[in-house]
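**Q** quick one: sequence and predicted model below, then my questions.
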Amino acid sequence: MEIPLLSDVVIILGLAVVVILLFQRFRLPTILGFLITGIIAGPYGLSLITAVHDIEILAEIGVIMLLFIIGMEFSLRNLALIKRTVLLGGATQVGVTIMLVGLLLMMFDFRPAEAFFVGFLFALSSTAIVLKLLQDQGEINSPHGKVVLGILIFQDIIVVPMMLVAPLMAGGKENIAVELLLMVLKGAFVIVFVLISARYLVPKLLFVVARTKSKELFILSIVMICFAVAWLTQSLGLSLALGAFMAGLIISESEYSHQATSNILPFREIFTSFFFVSIGMLLDFSFMLQHLLIVLLFTVCTFVLKGIIAVMAARLLQYPLRTSLLVGLSLFQVGEFAFILSKTGINSGLLTVEVYQYFLSVSLLTMAITPFVIEYFHVIANSISLRLSPGQDLPVNTQAEVDQNNELYHLEDHIVIIGYGINGRNVAKAARHANIPYVIVELNAVTVKEERLRGEPILYGDAVHGVILSHVSIHKARVVVVAISDPEATRRIISSIREVSEKVHVIVRTRFVQEMEENFRIGADEVIPEEFETSIEIFTRVLSKYLMPRDEIAAFTNSIRADNYEMLRSLTGRKNTPGNISIDLPDLEVASLRIFTKNDTLVNKPLIESDVRNKFAITIVAIKRDGETLLDINAKTKLKRGDVIYVVGKPADVMRFNNFVRAD
């Protein structure tokens with residue numbers, strides 16, 4: 001049976017691979033590649049796709065996944081740390097943009113509802129493109145990076161109420177007040193549902209699921225929560241996107257949010273690619289070429305207007321001019337959430353076909369030039385700030401100092417302990433005793449819950465995923481200790497660590513010798529096999545039994561470890577290794593003997609009278625009696641029946657004395 005959708009999916013993915021490979025070569029954003037793929041394959045391009053409606057269904061799933069991830073990454077506690085940037089900066093940028101765009105369009109005979117809805121669209125910037133570019137340049141934690149992040153967070157949140165307000169703006173309701181009241185009541189119900197679910201229901205459900213240690217069941221439960229809440233909000237007359245965002249919020253308040261994010265990300269990447277492809281399909285490229293001058297004019301106006309407003313928002317936060325210019329040069333484009341919102345506008349009759357095509361054209365162009373602008377935005381900002389405000393380009397007393405209160409921001413030079421078994425616990429104890437900061441990643445939900453109550457800095461998650469590693473600031477850690485018993489997972493974790501950081505020192509615990517070389521090959525700095533450590537411990541005790549000096553034993557075992565256990569790995573051993581020691585073993589034995597005899601020549605007599613040393617040629621060095629160890633042995637010390645005595649002497653003399661004290 002032929003499945004039309006299957007051939008369309010193959011065409012989209014195959015074309016996307018070619019386009020994105022080309023885009024990667026020129027360091028252009030992946031999202032732009034998906035949009036171009038849609039333009040080429042869509043009805044206004046080569047008309048390669050027949051089941052456009054089915055692709056739009058996949059795109060809807062992509063929207064749900066996108067907002068679900070945003071909800072999971074959103075935290076009320078983290079938001080409080082940059083609340084001034086988010087609320088004041090974000091509200092200024094969004095509010096002023098909506099107002100100016102709306103007023104300008106009303107001058108061109110747009111209806112107020114249509115004009116201000118277009119303002120909604122142009123107020124939103126691209127979270128995906130901007131944060132990716134700033135992250136690649138290592139500027140997320142810079143002052144301008146913090147402001148950009150705060151404003152983008154506000155935009156991601158405000159898009160939800162924009163979706164709710166759009167149908168009301170379109171009119172067609174007999175009693176707007178009643179509709180607004182109903183919307184508020186529905187919203188209140190959803191908020192209460194989210195609070196109860198986040199506080200009581202979902203954490204308990206996910207704890208039961210995580211305790212099974214079934215990855216499949218965990219992923220299934222997360223996806224079920226996402227779609228169930230989305231279905232609930234749709235049933236109430238609200239949007240699927242709002243439900244997905246709320247579902248993400250529910251999970252974000254649990255300790256399983258980071259693992260959930262890492263599991264859902266691959267699904268999101270697939271489905272959001274269909275979303276951006278579907279947007280590209282909607283662009284009439286011939287329309288763009290026919291109206292190219294007007295499109296370019298609108299693009300320049302968007303660049304200037306949004307850039308200036310973003311600069312104003314940063315200045316309002318008391319950032320210096322140079323930092324504010326960097327913010328403006330980062331947020332001038334129209335973002336992906338505007339595409340989601342535009343569909344609501346089309347369904348509500350707030351966008352005509354012509355306006356929508358202008359919007360798509362301007363959005364694509366602003367996205368396309370964003371990577372080039374951000375690549376040179378320091379040069380541009382320096383040039384402008386030196387002309388307008390020489391000597392004032394360094395940030396002083398900025399809000400960024402407040403933003404850095406986030407505990408993860410200060411987590412650096414720390415130890416990341418992966419696995420909280422016996423080895424992980426011992427490393428944590430040692431780190432705590434030495435006052436070294438550390439964080440633990442553990443996949444056992446019961447352990448995480450118990451240790452959190454004890455105050456341990458422990459995180460539920462699978463360290464195979466880069467999201468988990470990023471959350472524990474692996475790039476700022478000094479040492480990572482991988483202390484799990486799964487060899488395959490260990491190798492995947494090492495590979496994931498090296499994808500994030502090349503400088504962190506990775507110490508790996510393995511069970512078997514044959515696992516060492518592979519772990520070294522993929523990036524481990526030190527590998528400690530339990531087989532060899534057990535052998536070293538046994539041999540240490542053997543040497544101590546031969547009365548070897550402790551410093552020589554320590555030097556010998558340390559040389560074995562420093563040589564990566566080469567002596568033990570070799571079948572024949574290696575001659576003249578640094579660990580070889582010349583040992584002159586004395587013919588002595590240390591033994592512990594219990595006194596069973598009642599012989600009065602030994603028992604209850606002072607040692608000077610029993611004359612043990614001369615009779616048996618042995619020396620008593622300690623006595624254990626009634627649970628106490630007596631070390632002060634002198635001529636007046638008396639031996640009692642039942643004592644355990646520690647003696648030193650030649651093996652034959654010790655054996656002769658042992659036979660004597662055991663006789664009745």
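**A** The structure has been received and is ready for your questions. Residues are numbered from 1 along each chain as shown.

**Q** C-alpha from now on. contacts and neighbour counts both.
**A** Noted.

**Q** in stretch 506-516, what's buried?
**A** Val506, Ile507, Val508, Arg509, Thr510, Arg511, Val513, Glu515, Met516 (16 or more other CA atoms under 10 Å).

**Q** of all those residues, the one with the weakest confidence?
**A** Lowest in pLDDT among the buried residues of stretch 506-516 is Val513, which has 71.

**Q** picking that back up, for the buried residues of stretch 506-516, work out which two are farthest apart.
**A** Pairwise distances across the buried residues of stretch 506-516 (CA to CA) peak at 17.5 Å, for the pair Val506 and Val513.

**Q** okay, now the nearest residue to Lys213 once chain neighbours are set aside: neighbour count?
**A** In this structure, Lys213 finds its nearest non-sequential neighbour in Asn444, 7.0 Å apart by CA to CA, 6 or more residues apart in numbering. Close neighbours of Asn444, defined as other CA atoms under 10 Å, add up to 20.

**Q** next one: Asn444 from Val202, what distance?
**A** 17 Å (CA to CA, to the nearest Å).

**Q** need the buried residues of stretch 506-516 in TSV (columns: distance to Arg656).
**A** Shown next, in TSV, are these (distance: CA to CA, whole Å):
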residue	distance to Arg656
Val506	54
Ile507	51
Val508	50
Arg509	47
Thr510	46
Arg511	44
Val513	44
Glu515	49
Met516	49
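
**Q** just the residues you listed: which are in helices?
**A** Mapping these onto helices (DSSP state H) picks out Met516.

**Q** so which helix or strand of this protein has the lowest pLDDT on average?
**A** One helix or strand of the chain scores below all others by mean pLDDT, DSSP states H and E: helix 400-403, with a mean of 38.

**Q** I'd like to know which elements the next helix-or-strand element following that helix is packed against.
**A** Beyond helix 400-403 in the direction of the C-terminus, DSSP states H and E gives the next helix or strand as strand 415-418. Here strand 415-418 touches helix 422-433, strand 438-442, strand 479-482, going by 3 or more CA pairs under 8 Å, 6 or more residues apart in numbering; DSSP states H and E.

**Q** rerun at 10 Å
**A** helix 422-433, strand 438-442, strand 458-460, strand 479-482, strand 505-510 (3 or more CA pairs under 10 Å, 6 or more residues apart in numbering; DSSP states H and E).

**Q** looking at the ones you listed, which is buried most?
**A** strand 458-460 (a mean of 25; mean count of other CA atoms under 10 Å).

**Q** for the chain, what spans make up the strands?
**A** 415-418, 438-442, 458-460, 479-482, 505-510, 526-529, 589-594, 619-625, 628-630, 644-649 (DSSP state E).

**Q** so which of these comes closest to Phe660?
**A** Phe660 lies closest, by CA to CA, to one member of those: strand 589-594, at 10.6 Å.

**Q** residues contacting that closest one, please?
**A** Here strand 589-594 makes contact (CA atoms under 10 Å, 6 or more residues apart in numbering) with 545-547, 618-624, 640-655, 657-659, 661-662.

**Q** for ChimeraX, what selects the buried ones among these?
**A** Those of the contacts of strand 589-594 that count as buried under 16+ other CA under 10 Å are selected in ChimeraX with:
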select :546,547,618,620,622,623,624,640,641,642,643,644,645,646,647,648,649,650,653,654,657,658,661
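
**Q** which one of the helices and strands packed on strand 415-418 lies nearest to Met107?
**A** Relative to Met107, the nearest member of the helices and strands packed on strand 415-418 by CA to CA is strand 458-460, separated by 55.0 Å.

**Q** partner strands of that closest one and their direction?
**A** Note on strand 458-460: by DSSP bridges, its sheet partners are strand 438-442 (parallel).

**Q** okay, now the unreliable bits of the stretch 501-650 of the chain?
**A** 531-537, 539, 541-548, 560-587 (pLDDT under 70).

**Q** check the stretch 1-150 of the chain too.
**A** Those would be 1-4, 73-82, 132, 135-136, 138, 140-141, if you go by pLDDT under 70 across the stretch 1-150 of the chain.
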